[in-house]
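In: coordinates for the following, if possible.
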Amino acid sequence: HGGIDIDNLLASHKKHNNFDKRYDACFFGRLHPQKGPVQLIEIWREVIKTKPNAKLVIIGNGEEEIKIKKMIHKYKLSSNVEMMGFVIGEPKNKILLSSKLIIHPAIYDTGGMAICQAMAFGLPAISFDLEGLKFTYPTGMIKIKCFNIILFARKVVDLLDDEILFSKTSKEARNLAKGWSWNQRGRELFNFLNKINF
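Out: Numbering: from 1, shown residues only. Now for the predicted structure:
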């Protein structure tokens, strides 16, 4: 898998770490069927049955954007879901740092790098238990039986309410993200190339 600019992220974290956690959860990725944006809205619809004021922020755009907006309107979630569109750099980091956890309800995936940026800030992650994510995210990410919307929503609520579980998963997320640094990836590639006999 790829890498992240951990030094840049940590500098941003140090600069903006005092942000209020105004969002209970964040989705960061393409609004494409692969990433589960429809499931995301279904999950959040369940979350607010327990936490009526829970707030979700969505970073990203894509082919499912219109469908997602229609679902938000249909389920009367406009006060619970905020769509930010395509955001990069410091503005993106500020949104992540204003969030408590990261939601990744992908339907098929092997582990994108966007979610790891959030994990570098200590955001615990939740996903479906996809085969590809077992290798990429062995820790720092709570896995839910595919594709159980109710269980996923319950675990979101559990993470928000259980300080011990939240702290444990947050620490795991931060430690895992450090292993994705470009310096680490560079060393791994260098060592791999040195083992090859051309």
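
In: isn't Arg22 right up against Lys55?
Out: Yes. Here Arg22 lies in contact with Lys55, judged by Cβ atoms under 8 Å, at a distance of 6.7 Å. Using the backbone N, CA and C atoms, a C-beta is placed for each residue, glycine as well.

In: please identify which of these two sits among more neighbours.
Out: Legend: neighbour count by other Cβ atoms under 10 Å for Arg22 and Lys55, higher for Lys55 (21 against 12).

In: which residues touch the more buried one?
Out: Residues in contact with Lys55 (Cβ atoms under 8 Å, 6 or more residues apart in numbering) are 22-25, 80-82.

In: ok, now with 10 Å
Out: Each residue near Lys55 by Cβ atoms under 10 Å, 6 or more residues apart in numbering is listed here: 21-26, 44, 47-48, 79-82, 98-100.

In: got a winner among these for most neighbours?
Out: Highest count within those by other Cβ under 10 Å belongs to Trp44, 29 neighbours.

In: what about Met84, helix or strand, and which?
Out: Using DSSP states H and E, Met84 sits in strand 81-85.

In: following element in sequence after that strand, please.
Out: Downstream of strand 81-85, the first helix or strand assigned by DSSP H and E is helix 89-97.

In: just checking, next helix/strand downstream of that following helix?
Out: Proceeding N to C from helix 89-97, the next assigned helix or strand is strand 99-104, under DSSP H and E.

In: centre of the chain to that next one, how far?
Out: 5 Å (Cα atoms, centre = their mean, to the nearest Å).

In: could I get the average pLDDT for that strand?
Out: Averaging pLDDT along strand 99-104 gives 96.

In: which strands and helices sit next to that strand?
Out: Judged by 3 or more Cβ pairs under 10 Å, 6 or more residues apart in numbering; DSSP states H and E, strand 99-104 is in contact with strand 23-28, helix 37-50, strand 56-59, helix 114-120, strand 125-128, strand 141-144, helix 149-161, helix 163-178.

In: each with direction, which strands does it pair with?
Out: Strand 99-104 sits in its sheet next to strand 23-28 (parallel), strand 125-128 (parallel), going by DSSP bridges.

In: mean pLDDT added to those, as JSON lines?
Out: Shown next, in JSON lines, are the strands paired with strand 99-104 (pLDDT from 0 to 100):
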{"stretch": "strand 23-28", "mean pLDDT": "98"}
{"stretch": "strand 125-128", "mean pLDDT": "97"}
